[in-house]
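K.L.:
I would like to see how this sequence folds:
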Amino acid sequence: MKILFLGDVMGRAGRTAISNHLPRLRAAWKLDFVVVNGENATSGMGLSADHAKLLLDAGADVVTLGDHAFDQKDMLSFIEKESRIIRPINYSKAAPGVGARVFNAPGGRKVLVAQVLGQVFMKRPFNDPFSALDSVLRQYPMGGQVSASLIDVHCEATSEKMAAGHFCDGRASIVVGTHTHVPTSDAMILPGGTAYQTDAGMCGDYNSVIGMDKAEPLRRFITGMPKARFTPAADEATLSGLYVETDNMTGKATRVEMVRQGGRLSQTGPE
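P.N.:
Numbering: from 1, shown residues only. The predicted structure follows:
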């Protein structure tokens, strides 16, 4: 199976990159399944219903969220209507939506998509991510109920993301980190057959401070005082993510490639 994961969509520039590039890549790479992290797609803070529809219409099979899952209030109701939106599995039990779901892929295959929030350096003490992942992976083993599985690990610390990758090794097809917006160069297949990258990077303008226009972050770092709101950088965005091929029988990864399309980063992918 050919699977594409795209990192945090950042504001208008990120949405435009998805609209411009994803339909072409889906056809050119003959993708079977696409997952997009969209939690910053609306003004850099959360995801609105309208922008969720845009990402899905552009070719995403599933959109994951993150710690900003419900910054846009209409997502509280929209996620209950749209099964293709996934919020973190260890979010508040009172939160609407679900953190893991099995989706249909071509050829009658099933794909598990789950997202989990880390605890290290995060602003709120979310529930234990490892026990949450263990429960889901036990319920949906690869090569059994699902042909492939993708885990979006949304957290700050690289060590926590790496620990999650090794914890899931051999039990998930893909473990990929999101949240920091900075792509790491460590795409690999772990010993048990799980494709891994510490952070997929963002779909946003890299002439920025993690996707935000440079002026206000620089002012705050230099002076320690805020003057204006953060606003997403608006120049051409790079579409960043991870391309993975999996074995249809076992669900294990057989190929992994970093993806960089458009904008300031070099052009990479499975071509």
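
K.L.:
Not counting its own residues, what contacts the lengthiest helix in the chain?
P.N.:
For the chain, the helix that runs over the most residues, judged by DSSP state H, is helix 11-28. By C-beta atoms under 8 Å, 6 or more residues apart in numbering, the surrounding residues in contact with helix 11-28 are 4, 6, 8-9, 31, 34, 36, 40-44, 51, 54-55, 58-60, 202-205, 211, 231-239, 261-263, 269, 271. Just so you know, the C-beta spots here come from the backbone N, C-alpha and C atoms, and that holds for glycine as well.

K.L.:
Next secondary structure after that helix?
P.N.:
Downstream of helix 11-28, the first helix or strand assigned by DSSP states H and E is strand 33-37.

K.L.:
Quick one: mean pLDDT for that next one?
P.N.:
For strand 33-37, the mean per-residue pLDDT is 98.

K.L.:
Which strands border that strand, and is each parallel or antiparallel?
P.N.:
strand 2-6 (parallel), strand 62-64 (parallel) (DSSP bridges).

K.L.:
quick one: the strands in the chain?
P.N.:
According to DSSP state E, the chain carries its strands in the segments 2-6, 8-9, 33-37, 62-64, 85-86, 100-105, 109-117, 148-154, 174-178, 188-189, 195-197, 202-203, 239-246, 253-261.

K.L.:
looking at the ones you listed, which is buried most?
P.N.:
strand 202-203 (a mean of 34; mean count of other C-beta atoms under 10 Å).

K.L.:
chain center to that strand: distance?
P.N.:
Distance, stretch centre to chain centre, for strand 202-203: 9 Å (C-alpha atoms, centre = their mean, to the nearest Å).

K.L.:
swap in stretch 137-157?
P.N.:
Centroid separation between stretch 137-157 and its chain, computed with C-alpha atoms, centre = their mean, is 13 Å.

K.L.:
Now do the contacts for Gly241.
P.N.:
Leu4, Phe5, Leu6, Gly7, Ala200, Gly201, Cys203, Met258, Val259.

K.L.:
for the second one, what are its contacts?
P.N.:
Read that as Phe5. Contacts of Phe5 (C-beta under 8 Å, 6+ apart): Val34, Val35, Val36, Asn37, Leu150, Asp152, Ile174, Val176, Ala200, Gly241, Leu242, Val244.

K.L.:
Roughly how far does the residue with the largest distance to the centre of the chain sit from Pro232?
P.N.:
Distance from the C-alpha centroid of the chain, by C-alpha atoms, centre = their mean, peaks at Thr223 (33.0 Å). Between Thr223 and Pro232 the distance is 22 Å, computed by C-beta to C-beta, to the nearest Å.

K.L.:
The nearest residue to Ile79 once chain neighbours are set aside: neighbouring residues, count only.
P.N.:
Residue nearest to Ile79 in three dimensions, not counting chain neighbours: Gly97, with 3.7 Å by C-beta to C-beta, 6 or more residues apart in numbering. Per other C-beta atoms under 10 Å, the neighbour tally for Gly97 reads 21.

K.L.:
from memory Gly97 sits against Lys81, does it?
P.N.:
No - under the criterion of C-beta atoms under 8 Å, Gly97 makes no contact with Lys81, lying 9.9 Å away.

K.L.:
residues touching the nearest residue to Ser173 once chain neighbours are set aside, list them.
P.N.:
Distance criterion C-beta to C-beta, 6+ apart; nearest residue to Ser173, sequence neighbours excluded, is Ala148 at 4.2 Å. Ala148 makes contacts with Met1, Ile3, Phe33, Ala105, Arg109, Val111, Leu112, Met142, Ser173, Ile174, Thr246, Gly251, as judged by C-beta under 8 Å, 6+ apart.
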